[in-house]
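Trainee: Curious how this folds, go ahead:
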Amino acid sequence: MENDVVLKMQGICMTFPGVKALDHAGLTLKKGEIRALMGENGAGKSTIIKCLTGVNKFEAGEIYLDGFEGPITNRDTMDAQSKGISTVYQEVNLCPNLSVAENIYIGRAPLTKFRTVDRKQMNARAKKLMEELDLNIDVTANLENYSLALQQMIAIARAIDMDCKVLILDEPTSSLDDREVEKLFQVMLNLKKKGVGIIFVTHFLEQVYAVCDGITVLRNGQLVGEYTVEELPRVQLVAAMMGKDFDDLASIKPEGGEIGKDAPLVIDAKGLSHAGTIKPFDLEIREGEVVGLTGLLGSGRSELARAIYGADRSQTGTLKVKGKEAHIKEPIDAMNLGMGLLPDDRKAEGIIGDLSVRENIILAMQAKLGALHKIPMAKQIELADQFIEMLQIKTASRETMIRQLSGGNQQKVILARWLATNPDFLILDEPTRGIDIGTKTEIQKLVVKLAGEGKSVIFISSEIEEMLRTCNRMAVLRDGAKVGEISGDEMTQEGVMHAIAGGDSNE
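Mentor: Numbering: from 1, shown residues only. You can find the predicted model right below:
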């Protein structure tokens, strides 16, 4: 292995039931390099990482690591960590009921001469580590007291402190705002200076070009190629990921912009609020309209949508659905009014991992019908096959457990679940987070198509660009309050950023 290489994976093969997950895939990482691992959902990114860290047992291929003679095999993640390979996953893998310091030093806490945990030393070390990351937090407080974004940074701190040679960041920026992303990038660049090799899995193309030195592209479990950032412009990267030329910036929104005031009102919210999460707000949504909710992380976008849907019961205000006053006490009431909610946390609130793709698709429809009116199996199969085909869900079969699908394909199944109920009004909360550019565009086109068919949509996304591509207008949120709306000529990147930063003084 070359002197400047810290990790080399080659010829890695792995098969899941009915699916060839990796077919002679590979990856080369140099010391002090930040390398993006790119590919569509189902390309094999998570699988190859799990092969490296001992979660998956691969069938063929070799892994070489600096400091070891010959190929290595990791029995499990602890084995990988002991060799200097640390991983931070998209879903924070820590213990919410333990303190920040305990999470950082779990399993390796400093001990007193009496072989008990030296809490004073542990807390002092954790505090110093947090300060190095420019995080001013109480390390003795339980992890559950902090936002998901801070938990992500704490997970990264834990990985860094383990003196790793190779740091794997699997979608670490999905729950971070711009300032936190900048902070993370600074941490990555500091580690790079120390010679740590970083594998950075992300779906944000601009982040690749902001911080990475090299790019490895996987497609359908195979290695497409390894490139420097300079030799692979954005459009060519997308083409390599998809296997075809693809304009990722094409406008998909039909001409026409705003929906006229003569279109029927589907949602008319006045003064709705939920204690502690969203202040009283007004929002009107018309038939065939896509309304975006924009604002920084924690601004109240999801909370506003949940208040309308009844997932969080509102304490004040009124809600009219298609002209009639609605009293939503629980989500089934909203479903019976023709609403659907795709939640932002698909793992916790969306998928039922131990059920099949078919069972997950028919779940909402079955809930609406009630336990006494079971959907006939023939109808279940027909629905499942229809949506697997329509949404191009990559699955070995309709009976495959949903947990075996990639994140993007799980997201498509949850979308299919709501489309199967034929809703009049659909709330899509971060429907494209953590999924590849091709699937993103498919979902965006589907949203526009649904609006064209007369359905109304609330669309929440952290990516302003995709909001501009799909929405007719946007409501701007800040600190739990709706502070304005933008439409028409204001619907530009600059217009949205200005509205988020300064609100709307007219509102």
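
Trainee: any weak-confidence spans in the stretch 201-350 of the chain?
Mentor: For the stretch 201-350 of the chain, residues meeting the criterion pLDDT under 70 lie at 244-258, 296-298, 345-349.

Trainee: any chance you could map the helices in it?
Mentor: 205-211, 234-242, 301-309, 331-336 (DSSP state H, counting those that start in this stretch).

Trainee: which other helices and strands contact the second one?
Mentor: I take that to be helix 234-242. Under the contact criterion of 3 or more Cβ pairs under 8 Å, 6 or more residues apart in numbering; DSSP states H and E, helix 234-242 touches strand 34-38, helix 205-211, strand 214-219, strand 222-228, helix 437-452. (Glycine included, C-beta is placed from N, CA and C.)

Trainee: List the residues that contact L143.
Mentor: L94, C95, P96, N97, L98, S99, V100, N103, Q151, I154 (Cβ atoms under 8 Å, 6 or more residues apart in numbering).

Trainee: looking at it, the first one is touching Q151, isn't it?
Mentor: Yes. L94 is in contact with Q151 according to Cβ atoms under 8 Å; the separation is 6.3 Å.

Trainee: quick check, I500 in a strand?
Mentor: No. I500 is assigned helix when assessed by DSSP: H, G, I helix; E, B strand; the rest coil, not a strand.

Trainee: mind giving me the domain ranges of the chain?
Mentor: 5-242, 263-338+425-507, 350-422 (automatic domain parsing).

Trainee: Please report how far R158 lies from E2.
Mentor: To E2, R158 is 30 Å away according to Cβ to Cβ, to the nearest Å.

Trainee: Tell me which stretches of the stretch 301-450 of the chain form strands.
Mentor: Secondary structure of the stretch 301-450 of the chain (DSSP state E, counting those that start in this stretch): strands located at 316-321, 324-325, 339-342, 425-429.

Trainee: who touches the last one?
Mentor: Contacting residues not belonging to strand 425-429 are listed as 266-267, 285, 301-302, 305, 308-309, 321, 337-344, 415, 418, 447, 450, 455-460 [Cβ under 8 Å, 6+ apart].

Trainee: how about a cut-off of 6 Å?
Mentor: 266, 302, 305, 309, 339-344, 456-460 (Cβ atoms under 6 Å, 6 or more residues apart in numbering).

Trainee: from those residues, which is closest to T470?
Mentor: T470 lies nearest to F459 out of these, by Cβ to Cβ, at 5.7 Å.

Trainee: Against which helices or strands is the helix or strand containing the closest one packed?
Mentor: Assigned by DSSP states H and E, F459 falls within strand 456-460. Contact partners of strand 456-460 among helices and strands, from 3 or more Cβ pairs under 6 Å, 6 or more residues apart in numbering; DSSP states H and E: strand 290-294, strand 425-429.

Trainee: Of those strands, which is nearest T53?
Mentor: Closest approach to T53 among the helices and strands packed on strand 456-460 is made by strand 425-429 (30.3 Å; Cβ to Cβ).

Trainee: can you state the direction angle for that closest one and helix 301-309?
Mentor: Using axes from the mean of the first three to the mean of the last three Cα atoms, to 10 degrees, the direction of strand 425-429 lies 160 degrees away from that of helix 301-309.

Trainee: Give the partner strands of strand 425-429 in its sheet and their orientations.
Mentor: Strand 425-429 pairs in its sheet with strand 339-342 (parallel), strand 456-460 (parallel), by DSSP bridges.

Trainee: Can you get me the centre-to-centre distance for the first one and its chain?
Mentor: This means strand 339-342. Centroid displacement of strand 339-342 relative to its chain, using Cα atoms, centre = their mean, to the nearest Å, is 18 Å.
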